[in-house]
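Colleague: how does the following fold in three dimensions:
(chains A and B)
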Amino acid sequence: AQKITQTQPGMFVQEKEAVTLDCTYDTSDQSYGLFWYKQPSSGEMIFLIYQGSYDEQNATEGRYSLNFQKARKSANLVISASQLGDSAMYFCAMIAIKAAGNKLTFGGGTRVLVKP
Amino acid sequence: DTGVSQDPRHKITKRGQNVTFRCDPISEHNRLYWYRQTLGQGPEFLTYFQNEAQLEKSRLLSDRFSAERPKGSFSTLEIQRTEQGDSAMYLCAINQGLAVDEQFFGPGTRLTVL
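Modeller: The predicted structure is shown next:
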């Protein structure tokens, strides 16, 4: 069984500043993947970034970076230079990497509001 | 554009009615997933297809729910005798990653049961 915990229900961040969203996970699988998704008020889930459990380097995608600390079982998302359009719900999710059927397990989400 | 469309985007129905949602990937993808998201929660897995075969179903998928993927392309999710507790966003996702099952979501169907 897998579990994702996001302890921050909501956060305010000043425009142009960086923000870190916390995510801890629990799994007995040796090989797994961690994801972050963004969900604006319109409802669609937008893929942001992926980190594999055996990846030695932290993943980065533009202004998004994933701070992966395997021993602590944490996969925090860092958004640099926040923009007003970053206001949304953010979900951390994981999969167990198997031959097939890699269903996602999501956390409860963190709502980010960027202030001008 | 994730390459997945869903129809309808919004559905309002009365309790006891049947509803059907459709998920259309633009191109062929082996795996197709359905998730349900209730207000204030993260999405929860419902079921997934490998081509036309439904290989896994969550315990959330009661007998009133049925999903199909008849030709291995589009998929439908039907809810019979809807209940107010079925009100949620229903999300379809496809895998596009080669090495890892990176999943990309459609815009979702928001269901409201009155």
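Colleague: ramachandran angles for B:Thr82?
Modeller: phi -60, psi 150 (degrees, to the nearest 10).
Colleague: check it and give its pLDDT.
Modeller: Listed pLDDT for B:Thr82 reads 97.
Colleague: the residue nearest the centre of chain B bridge partners, please.
Modeller: Nearest to the geometric centre of chain B sits B:Trp34, at 3.4 Å (Cα atoms, centre = their mean). Counting by DSSP bridges, B:Trp34 is bridged to B:Thr47, B:Cys92.
Colleague: show me what contacts it?
Modeller: Contact analysis of B:Trp34 by Cβ atoms under 8 Å, 6 or more residues apart in numbering or on different chains lists B:23, B:45-48, B:67, B:75, B:77, B:90-93. Every C-beta, even on glycine, is put in place using the N, C-alpha and C of the backbone.
Colleague: export those residues as CSV, with columns for pLDDT, neighbour count and distance to A:Arg72.
Modeller: Output for the contacts of B:Trp34, formatted as CSV (pLDDT from 0 to 100; neighbours: other Cβ atoms under 10 Å in any protein chain shown; distance: Cβ to Cβ, whole Å):
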residue, pLDDT, neighbour count, distance to A:Arg72
B:Cys23, 96, 27, 37
B:Phe45, 94, 20, 26
B:Leu46, 96, 22, 31
B:Thr47, 95, 22, 33
B:Tyr48, 91, 27, 30
B:Ala67, 96, 20, 38
B:Ser75, 96, 26, 38
B:Leu77, 97, 22, 38
B:Tyr90, 97, 23, 35
B:Leu91, 96, 26, 30
B:Cys92, 96, 29, 34
B:Ala93, 93, 29, 28
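Colleague: and which of the residues you listed is nearest chain A?
Modeller: Nearest to chain A out of the contacts of B:Trp34 is B:Phe45 (Cβ to the nearest Cβ; 4.3 Å).
Colleague: how many residues are close by the residue lying closest to that closest one once chain neighbours are set aside?
Modeller: In this structure, B:Phe45 finds its nearest non-sequential neighbour in A:Lys103, 4.3 Å apart by Cβ to Cβ, 6 or more residues apart in numbering or on different chains. By the criterion of other Cβ atoms under 10 Å in any protein chain shown, A:Lys103 has 22 neighbours.
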